[in-house]
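[1] following is a predicted model, sequence given first.
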Amino acid sequence: MYQNYIFDLYGTLIDIHTDEHSKNFFKKYAKWLRKQGFHFEWKLFRRLYTTIEREYRNEPVQQGRYAWPEIRIEDVFKDVFAANGYEISDEQTLFLCESFRRISLIYLCLFPDTIACLEGLKRNGKNVYLLSNAQRSFTWQELEMTGLVPYFDGILISSDESCMKPDPEFYQICCERYGLQKEQSLMIGNEIKSDMAGAEAAGIDGFYINRYPVFREGKEPNYKYISKNGSLLEVLSQTGINP
(Lines give C-alpha, C1' and ligand atoms only; values in the text may rest on other atoms or scores of the structure.)
Protein backbone atom coordinates (compact mmCIF):
# COMPACT_ATOMS: atom_id res chain seq x y z
CA MET A 1 0.00 0.00 0.00
CA TYR A 2 2.70 2.47 1.02
CA GLN A 3 6.09 2.80 -0.63
CA ASN A 4 7.42 5.78 1.33
CA TYR A 5 7.71 5.84 5.12
CA ILE A 6 8.48 9.28 6.58
CA PHE A 7 9.69 9.36 10.18
CA ASP A 8 9.90 11.93 12.90
CA LEU A 9 13.14 11.63 14.89
CA TYR A 10 13.05 12.65 18.55
CA GLY A 11 10.49 10.76 20.57
CA THR A 12 9.86 8.40 17.65
CA LEU A 13 13.22 6.85 16.71
CA ILE A 14 15.46 8.44 19.35
CA ASP A 15 14.78 8.75 23.07
CA ILE A 16 16.45 11.92 24.32
CA HIS A 17 16.51 14.31 27.23
CA THR A 18 18.44 17.58 27.24
CA ASP A 19 18.83 20.52 29.58
CA GLU A 20 19.32 23.74 27.63
CA HIS A 21 17.64 26.15 30.02
CA SER A 22 18.84 25.63 33.58
CA LYS A 23 21.29 27.80 35.49
CA ASN A 24 23.53 24.77 35.98
CA PHE A 25 23.73 24.14 32.23
CA PHE A 26 24.71 27.71 31.40
CA LYS A 27 27.34 27.66 34.13
CA LYS A 28 28.86 24.49 32.64
CA TYR A 29 28.79 25.89 29.12
CA ALA A 30 30.36 29.22 30.18
CA LYS A 31 33.10 27.30 32.00
CA TRP A 32 33.74 25.23 28.89
CA LEU A 33 33.81 28.40 26.75
CA ARG A 34 36.52 29.92 28.93
CA LYS A 35 38.71 26.89 28.20
CA GLN A 36 38.22 27.64 24.47
CA GLY A 37 39.28 31.27 24.96
CA PHE A 38 35.80 32.84 24.99
CA HIS A 39 35.11 34.68 28.23
CA PHE A 40 31.44 34.98 29.12
CA GLU A 41 29.85 35.43 32.51
CA TRP A 42 27.16 32.75 32.49
CA LYS A 43 24.31 35.16 33.19
CA LEU A 44 25.40 37.32 30.26
CA PHE A 45 25.54 34.35 27.89
CA ARG A 46 22.12 33.13 29.02
CA ARG A 47 20.58 36.59 28.60
CA LEU A 48 22.11 37.13 25.16
CA TYR A 49 21.23 33.66 23.97
CA THR A 50 17.60 33.69 25.10
CA THR A 51 16.99 37.25 23.90
CA ILE A 52 18.58 36.85 20.46
CA GLU A 53 16.98 33.45 19.86
CA ARG A 54 13.56 34.93 20.68
CA GLU A 55 14.18 37.80 18.27
CA TYR A 56 15.10 35.40 15.48
CA ARG A 57 12.01 33.29 16.10
CA ASN A 58 9.73 36.32 16.10
CA GLU A 59 11.15 37.85 12.91
CA PRO A 60 10.03 35.21 10.36
CA VAL A 61 6.60 35.04 12.02
CA GLN A 62 6.17 38.73 11.36
CA GLN A 63 7.36 38.32 7.77
CA GLY A 64 4.72 35.64 7.24
CA ARG A 65 6.66 33.48 4.78
CA TYR A 66 5.64 30.23 6.47
CA ALA A 67 2.89 29.33 8.91
CA TRP A 68 5.51 27.56 11.07
CA PRO A 69 8.91 29.13 10.35
CA GLU A 70 12.24 27.78 11.58
CA ILE A 71 15.53 29.54 12.34
CA ARG A 72 19.20 28.54 12.08
CA ILE A 73 20.74 28.38 15.53
CA GLU A 74 24.14 29.15 13.99
CA ASP A 75 22.89 32.69 13.26
CA VAL A 76 21.92 33.08 16.90
CA PHE A 77 25.36 31.97 18.07
CA LYS A 78 27.16 34.36 15.73
CA ASP A 79 25.14 37.28 17.09
CA VAL A 80 25.61 36.19 20.71
CA PHE A 81 29.38 36.06 20.33
CA ALA A 82 29.47 39.30 18.33
CA ALA A 83 27.57 41.02 21.14
CA ASN A 84 30.48 40.14 23.45
CA GLY A 85 33.15 41.23 20.98
CA TYR A 86 33.93 37.91 19.28
CA GLU A 87 33.75 37.47 15.50
CA ILE A 88 33.58 33.73 14.90
CA SER A 89 34.04 31.79 11.67
CA ASP A 90 31.54 29.28 10.28
CA GLU A 91 33.80 26.46 11.44
CA GLN A 92 33.99 27.88 14.97
CA THR A 93 30.26 28.42 15.02
CA LEU A 94 29.55 24.80 14.16
CA PHE A 95 31.97 23.62 16.84
CA LEU A 96 30.37 25.88 19.47
CA CYS A 97 26.85 24.76 18.53
CA GLU A 98 27.75 21.07 18.56
CA SER A 99 29.42 21.46 21.95
CA PHE A 100 26.44 23.38 23.33
CA ARG A 101 24.27 20.41 22.44
CA ARG A 102 26.66 17.79 23.83
CA ILE A 103 27.01 19.62 27.14
CA SER A 104 23.22 19.91 27.43
CA LEU A 105 22.70 16.20 26.79
CA ILE A 106 21.44 14.13 29.73
CA TYR A 107 20.77 10.93 27.80
CA LEU A 108 20.28 9.78 24.23
CA CYS A 109 19.58 6.32 22.85
CA LEU A 110 17.59 4.56 20.17
CA PHE A 111 14.26 3.11 21.19
CA PRO A 112 14.57 -0.71 21.38
CA ASP A 113 12.37 -1.20 18.30
CA THR A 114 13.92 1.47 16.06
CA ILE A 115 16.44 -0.63 14.13
CA ALA A 116 14.09 -3.61 13.75
CA CYS A 117 11.45 -1.34 12.22
CA LEU A 118 13.82 0.39 9.81
CA GLU A 119 15.50 -2.84 8.75
CA GLY A 120 12.10 -4.47 8.18
CA LEU A 121 11.12 -1.63 5.87
CA LYS A 122 14.36 -1.76 3.93
CA ARG A 123 14.19 -5.56 3.52
CA ASN A 124 10.78 -5.10 1.93
CA GLY A 125 12.04 -2.52 -0.55
CA LYS A 126 10.44 0.50 1.07
CA ASN A 127 11.83 4.02 0.95
CA VAL A 128 12.57 5.62 4.32
CA TYR A 129 12.78 9.36 4.94
CA LEU A 130 13.39 11.62 7.92
CA LEU A 131 11.40 14.79 8.55
CA SER A 132 12.67 16.37 11.74
CA ASN A 133 12.06 19.60 13.60
CA ALA A 134 15.66 20.15 14.58
CA GLN A 135 18.85 22.15 14.21
CA ARG A 136 21.37 20.52 11.88
CA SER A 137 24.33 21.48 14.07
CA PHE A 138 22.65 19.74 17.00
CA THR A 139 21.13 16.76 15.21
CA TRP A 140 23.59 15.54 12.59
CA GLN A 141 26.12 14.44 15.18
CA GLU A 142 23.35 12.45 16.91
CA LEU A 143 22.26 10.81 13.67
CA GLU A 144 25.83 9.66 13.10
CA MET A 145 26.30 8.61 16.72
CA THR A 146 23.22 6.38 16.62
CA GLY A 147 24.07 4.94 13.19
CA LEU A 148 20.77 6.02 11.62
CA VAL A 149 22.04 7.88 8.55
CA PRO A 150 22.41 4.84 6.22
CA TYR A 151 18.78 3.83 6.72
CA PHE A 152 17.37 6.97 5.13
CA ASP A 153 16.79 7.62 1.45
CA GLY A 154 16.39 11.29 2.28
CA ILE A 155 16.83 13.53 5.32
CA LEU A 156 15.10 16.86 5.86
CA ILE A 157 15.94 18.98 8.90
CA SER A 158 13.80 22.02 9.60
CA SER A 159 16.70 24.43 10.12
CA ASP A 160 17.80 23.74 6.53
CA GLU A 161 14.35 24.46 5.09
CA SER A 162 13.25 27.53 7.14
CA CYS A 163 10.00 25.83 8.15
CA MET A 164 8.92 23.08 10.51
CA LYS A 165 6.09 20.68 11.29
CA PRO A 166 3.13 21.05 11.37
CA ASP A 167 3.55 23.40 8.40
CA PRO A 168 2.28 21.44 5.36
CA GLU A 169 4.99 23.16 3.31
CA PHE A 170 7.62 21.10 5.12
CA TYR A 171 5.91 17.91 3.94
CA GLN A 172 5.50 19.37 0.45
CA ILE A 173 9.24 20.08 0.25
CA CYS A 174 9.91 16.44 1.13
CA CYS A 175 7.52 15.14 -1.52
CA GLU A 176 8.82 17.42 -4.26
CA ARG A 177 12.50 16.87 -3.50
CA TYR A 178 12.27 13.10 -3.55
CA GLY A 179 9.41 12.68 -6.02
CA LEU A 180 7.02 11.10 -3.52
CA GLN A 181 3.37 10.43 -4.28
CA LYS A 182 1.36 11.45 -1.23
CA GLU A 183 -1.07 8.55 -1.54
CA GLN A 184 1.93 6.18 -1.35
CA SER A 185 3.43 7.92 1.68
CA LEU A 186 2.95 7.51 5.43
CA MET A 187 4.10 9.85 8.22
CA ILE A 188 5.14 8.16 11.47
CA GLY A 189 5.52 10.27 14.59
CA ASN A 190 4.81 10.69 18.28
CA GLU A 191 3.29 14.19 18.25
CA ILE A 192 -0.37 14.64 17.41
CA LYS A 193 -0.21 18.43 17.14
CA SER A 194 2.96 18.39 15.05
CA ASP A 195 3.56 15.17 13.11
CA MET A 196 -0.04 14.08 12.65
CA ALA A 197 -1.62 17.52 12.18
CA GLY A 198 0.99 18.47 9.59
CA ALA A 199 0.60 15.22 7.68
CA GLU A 200 -3.17 15.60 7.61
CA ALA A 201 -2.90 19.17 6.34
CA ALA A 202 -0.50 18.01 3.63
CA GLY A 203 -2.77 15.17 2.51
CA ILE A 204 -0.56 12.37 3.84
CA ASP A 205 -1.75 9.48 6.02
CA GLY A 206 -0.44 9.46 9.58
CA PHE A 207 0.68 6.70 11.95
CA TYR A 208 0.66 7.89 15.55
CA ILE A 209 3.16 6.24 17.90
CA ASN A 210 1.86 6.78 21.44
CA ARG A 211 5.00 6.94 23.57
CA TYR A 212 3.09 8.03 26.67
CA PRO A 213 2.07 5.67 29.52
CA VAL A 214 -1.61 6.52 29.00
CA PHE A 215 -3.48 6.92 25.71
CA ARG A 216 -6.48 9.21 25.35
CA GLU A 217 -7.98 9.38 21.89
CA GLY A 218 -9.47 12.67 20.76
CA LYS A 219 -12.96 13.05 19.34
CA GLU A 220 -11.67 13.41 15.78
CA PRO A 221 -8.32 11.62 15.36
CA ASN A 222 -6.07 13.19 12.72
CA TYR A 223 -4.25 9.95 11.92
CA LYS A 224 -5.13 6.72 10.11
CA TYR A 225 -3.12 4.27 12.21
CA ILE A 226 -2.06 4.11 15.84
CA SER A 227 0.16 2.06 18.10
CA LYS A 228 -1.38 2.61 21.51
CA ASN A 229 1.53 0.91 23.25
CA GLY A 230 4.12 2.89 21.31
CA SER A 231 5.56 0.06 19.22
CA LEU A 232 7.29 0.86 15.95
CA LEU A 233 6.96 -2.77 14.94
CA GLU A 234 3.24 -2.13 14.51
CA VAL A 235 4.17 0.16 11.63
CA LEU A 236 5.13 -3.05 9.84
CA SER A 237 2.25 -5.24 10.93
CA GLN A 238 -0.50 -2.66 10.46
CA THR A 239 0.62 -1.71 6.95
CA GLY A 240 0.97 -5.29 5.74
CA ILE A 241 4.74 -5.69 5.85
CA ASN A 242 6.41 -8.97 6.70
CA PRO A 243 8.99 -8.28 9.44
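    All right, it came through fine.

[2] strands along this protein, start to end?
    4-7, 14-18, 105-110, 127-132, 154-157, 185-189, 205-209, 225-227 (DSSP state E).

[3] export the ones you listed as TSV, with columns for mean neighbour count.
    Where you see a C-beta, it was placed from the backbone N, CA and C, and this is true even at glycine. Putting these into TSV (neighbours: other Cβ atoms under 10 Å) gives the following:
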stretch	mean neighbour count
strand 4-7	25
strand 14-18	15
strand 105-110	12
strand 127-132	22
strand 154-157	19
strand 185-189	26
strand 205-209	25
strand 225-227	19
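
[4] which one of these lies closest to Asn242?
    Minimum separation from Asn242 across these (Cβ to Cβ) falls at strand 4-7, 14.7 Å.

[5] before we move on, the earlier item: may I see the strands of the chain arranged in TSV, with mean pLDDT as well?
    As requested, these are arranged in TSV below (pLDDT from 0 to 100):
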stretch	mean pLDDT
strand 4-7	98
strand 14-18	97
strand 105-110	97
strand 127-132	98
strand 154-157	98
strand 185-189	98
strand 205-209	97
strand 225-227	96
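
[6] so which of these is nearest Gly198?
    strand 185-189 (7.5 Å).

[7] related to what we said a few turns ago, mind putting the strands of the chain into CSV with distance to Thr139?
    Below are those laid out as CSV (distance: least, Cβ to Cβ, whole Å):
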stretch, distance to Thr139
strand 4-7, 13
strand 14-18, 9
strand 105-110, 11
strand 127-132, 6
strand 154-157, 6
strand 185-189, 15
strand 205-209, 19
strand 225-227, 24
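
[8] wait, which of these is closest to Phe95?
    Of all the strands of the chain, strand 105-110 comes closest under Cβ to Cβ, at 15.8 Å.

[9] starting at the chain centroid, how far to the closest one?
    Centre-to-centre, strand 105-110 and its host chain are 14 Å apart (Cα atoms, centre = their mean, to the nearest Å).

[10] try stretch 69-78
    Worked out by Cα atoms, centre = their mean, stretch 69-78 lies 15 Å from the chain centre.

[11] buried ones in it?
    Pro69, Glu70, Ile71, Arg72, Ile73, Glu74, Val76, Phe77, Lys78 (16 or more other Cβ atoms under 10 Å).

[12] so how far is Asp160 from the third one?
    Just to be clear, that refers to Ile71. 11 Å (Cβ to Cβ, to the nearest Å).

[13] and if you look at Tyr49?
    Applying Cβ to Cβ to Tyr49 and Asp160 gives a distance of 21 Å.

[14] cool, and Tyr129?
    For Tyr129, the distance to Asp160 (Cβ to Cβ) stands at 14 Å.
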